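Visitor: fold the following.
(4 chains)
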There are 2 protein chains.
Amino acid sequence: MNLKALSEHLGLSQTTVSRALNGYPEVSLRTRQRVTDAAQNLGYRPNHAARGLATGKAGAIAVVMRMAAGQAADPHYGEFLSGVGEAALSLGYDILLSPVTRETEEATFRRLAQSGQVDGILLSSPFVSDERIKLLDDINIPYMVHGRDNERTRPYPFLDIDNKGAFFEAARLLVGLGHRKIGLINGLANLNFANDRALGVIEALAENGYKIDPALISNGEMTDEYGYRQTAKMLDSDTAPTAILCSSLFIALGAVRAIYDRGLKIGSDVSLLAHDDVIPYLKPENFRVPLATTRSSIRAAGLRAMQRLVDGIDTPSTEGEIWPVDLIVRESIGPAPAN
Amino acid sequence: MNLKALSEHLGLSQTTVSRALNGYPEVSLRTRQRVTDAAQNLGYRPNHAARGLATGKAGAIAVVMRMAAGQAADPHYGEFLSGVGEAALSLGYDILLSPVTRETEEATFRRLAQSGQVDGILLSSPFVSDERIKLLDDINIPYMVHGRDNERTRPYPFLDIDNKGAFFEAARLLVGLGHRKIGLINGLANLNFANDRALGVIEALAENGYKIDPALISNGEMTDEYGYRQTAKMLDSDTAPTAILCSSLFIALGAVRAIYDRGLKIGSDVSLLAHDDVIPYLKPENFRVPLATTRSSIRAAGLRAMQRLVDGIDTPSTEGEIWPVDLIVRESIGPAPAN
DNA sequence: TCACTTTTTGAAAGCGCTTTAAACTTTGCA
DNA sequence: TGCAAAGTTTAAAGCGCTTTCAAAAAGTGA
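Guide: Below you'll find the predicted structure:
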């Protein structure tokens, strides 16, 4: 059942039928009704490719998914996608999930843009000095970055949370509680958000004339296992921290274990604070000792990023939007233990 | 840069250029070389919609993502997607992630199928008596189910793990260790896999002449919080179980807390066993008391499901494929405590 | 060299939709 | 009643590709 068949069935031209279906004003009410009824009854659905060819619009946006061999799927990514999906649903857009490796990424971007398969590209969690943003500018397709790239000087559209501010506030709070040796178990070093968080911590210490011990900063994939290992290593070292900041609840999960393993108490022997992306299946308030967090919903960010991207298809923007982050104090932090 | 421009640039017909690019044999080697070089240099990429219109193929498959308002994104879903993505990458297919609500789902299926936007649909985690499988048959599009629907009698293509067998073996092991009161903290009751797992447990008990206490089976979304609540409830009841089976590591996370909260020891006071979908960021061997599991990689399943779906586009299959599940014994299980 | 086969290239139709430009109807008002 | 304006409908072109059918070029054997 295509447009031609439908219009013949109705004794109308394809033009009129098309216009009736697409809500153009120059169709009489009676005709429109007749057309929509028939379309409904006969189960007519416009061919996507044909429409795309005629309009030049795809009705879809691409979300890039990096698939390094052996690398874990980021647990936060699903939650982000879910926000993107919610926005897509209400906007009537589809999501083209493009799996890429580092090798195929550039070619994929170009293909997506120039083949007209999507109307825009959503890039998430950029690196420091991310060449992909430049690429997106070059290939001239609407895009939106979830996260940002501090090294970049030219304006570009992004949505990020205030990672630096969040970790600055968190570290400042700990310093205020007397902590001097503060550990940071962070995400991968080449990711901009991880960088920002480290800067926040460093700055909070510097503000009070302290310096962070480089041995107390670590970077890696944000898993439970990594959190355990790093915490164990830090606690067993000569310069064991009295407070630890984690970039993810999954890291905190491992950190908690390592702390208990050593017979230490969370909130008194060791203070613990983690960033919470608001993942519904893992809540900081449900930790044995409720976990203090910096909190910002990654799902909400995905939703908003998608919205802005779609809005920007017709009227491009190069605005950066930065969300403040809540600091939520719970029992997992307390005054630094006396020496 | 389109085909016409490229062919004019080369002084060849569109036909020849198209054929050269698509690897048809009737093009001389010299011409082909010339064409591919020019395409490369000029950055030509075929228009996706036009190709789709001409060939009737979309080069993409749809993965449906249910977005119930307020419902959590399933933590295992990301891992599944990642497997699908890996397969898609190597097969040269794109993934159309279609967010749907229960209300929009049927219409979306029909639209995807009849608009030719995708060549196939991947359905995951079906319900018991899932009307969507019937729908997929009706609208006549290649599809593949990850999971299965026991109520369905007509053959259909699916890939599932042996949930019933896995939980049967797990429960049988516990019974063998003297456990009589076995709890099951399961996924949502309308999901087929959850149903299968319950059947496995019931059967293992029945085999030895025991019956499961209905109060010791619970269904819900597989989160940490749910695991905690249900475990707490069970342990605090008159008929506290001596062993608990969890349908997910996230549930187990909560279960562990509830057990510790009560001053009980895992592996002696309470045995604990969970299903592990092999999520890289949360490993059962890293639990404080290493967790016994039934294990099957959901990522591998996604990969295989995608492969079979794509294979089935040209040569449809209605075969069900069932993967055995490993039972991995670790310290979290032990003999039932003496009364 | 010629007749014939094989290899290589091209013209044109067609995929199913949107949209421009033009034609046809109806309405409003003098 | 006539005529401009507004409202409604249509024919046909075009989006950029693939593919059928036909023609041209190149090769082959006598």
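
Visitor: am I right that residue A:274 sits in a helix?
Guide: No: using DSSP: H, G, I helix; E, B strand; the rest coil, the assignment for residue A:274 is strand, not a helix.

Visitor: these two touch, right, it and residue A:284?
Guide: Yes: in this structure, residue A:274 is within contact of residue A:284 by Cβ atoms under 8 Å, at 6.7 Å. From N, CA and C alone the C-beta is placed, and that goes for glycine too.

Visitor: and for those two, which residues touch both?
Guide: Both residue A:274 and residue A:284 are contacted by A:249, A:252, A:291, A:292, A:293, under the criterion Cβ atoms under 8 Å, 6 or more residues apart in numbering or on different chains.

Visitor: thinking again about what came up before, what about residue A:274 and residue A:284, which has more around it?
Guide: residue A:274 (29 against 22; other Cβ atoms under 10 Å in any protein chain shown).

Visitor: now that one: how far from DNA strand C?
Guide: Noted for residue A:274: a distance of 49 Å to DNA strand C, by Cβ to the nearest atom of the strand, to the nearest Å.

Visitor: with residue A:26 instead?
Guide: 8 Å.

Visitor: OK, contacts around residue A:180?
Guide: Counting by Cβ under 8 Å, 6+ apart, residue A:180 has contacts A:210, A:242, A:336.

Visitor: let's go with 6 Å and repeat that
Guide: For residue A:180, the contact set (Cβ atoms under 6 Å, 6 or more residues apart in numbering or on different chains) comprises residue A:210.

Visitor: nearest spatial neighbour of the closest residue to DNA strand C within the stretch 1-150 of chain A, skipping sequence neighbours?
Guide: Scanning the stretch 1-150 of chain A for the residue nearest DNA strand C gives residue A:3, at 2.7 Å (criterion: Cβ to the nearest atom of the strand). Nearest residue to residue A:3 in three dimensions, chain neighbours excluded: residue A:14, at 5.2 Å (Cβ to Cβ, 6 or more residues apart in numbering or on different chains).

Visitor: may I ask you to confirm that that neighbour is in contact with residue A:7?
Guide: Yes: in terms of Cβ atoms under 6 Å, residue A:14 counts as a neighbour of residue A:7; the distance is 4.6 Å.

Visitor: neighbour-wise, which of these two wins?
Guide: A count of neighbours by other Cβ under 10 Å puts residue A:7 above the other of residue A:14 and residue A:7, at 19 against 13.

Visitor: for residue A:28, see how far away the more buried one is.
Guide: Per Cβ to Cβ, to the nearest Å, residue A:7 is found 16 Å from residue A:28.

Visitor: before we move on, what about residue A:326?
Guide: For residue A:326 relative to residue A:28 (Cβ to Cβ), the value is 55 Å.

Visitor: tell me which parts of the stretch 151-300 of chain A are close to chain B?
Guide: Proximity of the stretch 151-300 of chain A to chain B, by Cβ under 6 Å from any Cβ of the partner chain, involves residues A:223, A:224, A:225, A:250, A:257, A:280, A:281, A:282, A:283, A:286, A:288.

Visitor: 7 Å instead?
Guide: When proximity is defined as Cβ under 7 Å from any Cβ of the partner chain, the stretch 151-300 of chain A approaches chain B at A:223-225, A:228, A:250, A:257, A:260, A:280-283, A:286, A:288.

Visitor: nearest residue to residue A:276 other than its sequence neighbours?
Guide: residue A:293 (3.9 Å).

Visitor: how about the contacts made by the one you found?
Guide: A:273, A:274, A:275, A:276, A:284, A:328 (Cβ atoms under 7 Å, 6 or more residues apart in numbering or on different chains).

Visitor: could you dump these into a markdown table with pLDDT added?
Guide: Listed next are these as a markdown table, based on pLDDT from 0 to 100:
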| residue | pLDDT |
| --- | --- |
| A:273 | 98 |
| A:274 | 98 |
| A:275 | 98 |
| A:276 | 98 |
| A:284 | 96 |
| A:328 | 98 |
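
Visitor: so which of those residues comes closest to residue B:199?
Guide: residue A:284 (35.7 Å; Cβ to Cβ).

Visitor: separation between the closest one and residue A:273?
Guide: In terms of Cβ to Cβ, residue A:284 sits 9 Å off from residue A:273.

Visitor: could you check which residue of the stretch 201-339 of chain A lies nearest DNA strand C?
Guide: Closest point on the stretch 201-339 of chain A to DNA strand C, by Cβ to the nearest atom of the strand, is residue A:314, at 13.1 Å.

Visitor: next, count neighbours for that residue.
Guide: For residue A:314, using other Cβ under 10 Å, the count is 8.

Visitor: noted, bye for now.
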